[in-house]
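Colleague: give me the fold of what follows.
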Amino acid sequence: MAHVYVEGPTTIGEDNVFFPYSTVGVAPQDLKYQGERSETRIGDRNTIREFVTIHRGTAGGGAITSIGDDNLIQAYGHVAHDCVVGSHCILAHGATLGGHVTVEDYAVVGAQSGVHQYCRIGGHCYVGGYSVITQDVMPFSVVVSERSAKAFSVNKVGLERRGFTPEQIQKLHSAVRLLTKSGLNTDQALEKIQNELEMDEHMERLVAFIQGSQRGVVK
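Modeller: Numbering: from 1, shown residues only. You can find the predicted model right below:
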């Protein structure tokens, strides 16, 4: 639409809609950036609403900011340098991703929420509005914070909408309860999950995500 500013190098796929005053591919707000060549890559069928800012990458972060397919970034959202946003995600009004953030498929980041640099937002999770995220958010979880984020349930409604079976949701719920309510530390909870709950691809993804965390996960 009118008054959209796009700066290169930027690659944009098909059937995207950019609303007025959105800004795409401009130089990052990183003092280490020295004008080196870096890129912005956007897939297909994304909706980028008013005043959204998407900044290109830096040499220190791989030089690419990327957004997948079928995402909705609502007004005033911010995707900083070197972020990787998957597909089918929603960044609600004013959601802010610091540099080097990864958002996996089907994640929702609520309005006015801020995600610290280098954090990962797991797939199919829901981050409530006005949350401050300073650690990785587990896949499939619901997380809300005022200043310190806490996970308190599995994202049941979102998983049902995406075709997860009741048995799959119950297993994930049991795993999240072990991680958040049992009083066990993370390693003990993971051991109990692997030994006592029937593993499937979703459970394995949850365990692998936590084991691969560099910042710790929200519990």
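Colleague: contact partners for the most centrally placed residue in the chain?
Modeller: A centroid search over the chain (C-alpha atoms, centre = their mean) returns residue 103, at 2.4 Å, as the residue closest to the centre. Under the criterion of C-beta atoms under 8 Å, 6 or more residues apart in numbering, the neighbours of residue 103 are 83-86, 89, 91, 97, 109, 115, 120-121. The way it works is simple: take the backbone N, C-alpha and C, and place the C-beta from them, glycine included.
Colleague: change it to 7 Å
Modeller: Residues touching residue 103, when contacts are defined by C-beta atoms under 7 Å, 6 or more residues apart in numbering, comprise 85-86, 89, 97, 109, 121.
Colleague: what of residue 41?
Modeller: Contacts of residue 41 were listed using C-beta under 7 Å, 6+ apart, and they are 11, 64, 66.
Colleague: could I have the ChimeraX command that selects the buried members from these?
Modeller: Selecting in ChimeraX just the buried members of the contacts of residue 41, where the criterion is 16 or more other C-beta atoms under 10 Å, is done with this command:
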select :64,66
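Colleague: quick check, nearest of the contacts of residue 41 to residue 218?
Modeller: residue 66 (24.1 Å; C-beta to C-beta).
Colleague: my guess is the closest one contacts residue 81. True?
Modeller: No - in terms of C-beta atoms under 7 Å, residue 66 does not count as a neighbour of residue 81; the distance is 11.3 Å.
Colleague: buried residues in the longest helix along the chain, which are they?
Modeller: Secondary structure of the chain per DSSP state H: the longest helix is helix 166-181. By neighbour count on 16+ other C-beta under 10 Å, the buried set for helix 166-181 is 168-169, 171-176, 178-180.
Colleague: can you say which of the contacts of residue 103 are buried?
Modeller: With burial judged by 16+ other C-beta under 10 Å, the buried subset of these is 85-86, 89, 97, 109, 121.
Colleague: kindly reformat those residues as TSV containing distance to residue 20 and pLDDT.
Modeller: As requested, the buried ones among the contacts of residue 103 are exported to TSV (distance: C-beta to C-beta, whole Å; pLDDT from 0 to 100):
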residue	distance to residue 20	pLDDT
85	21	98
86	26	98
89	22	98
97	22	98
109	23	98
121	27	98
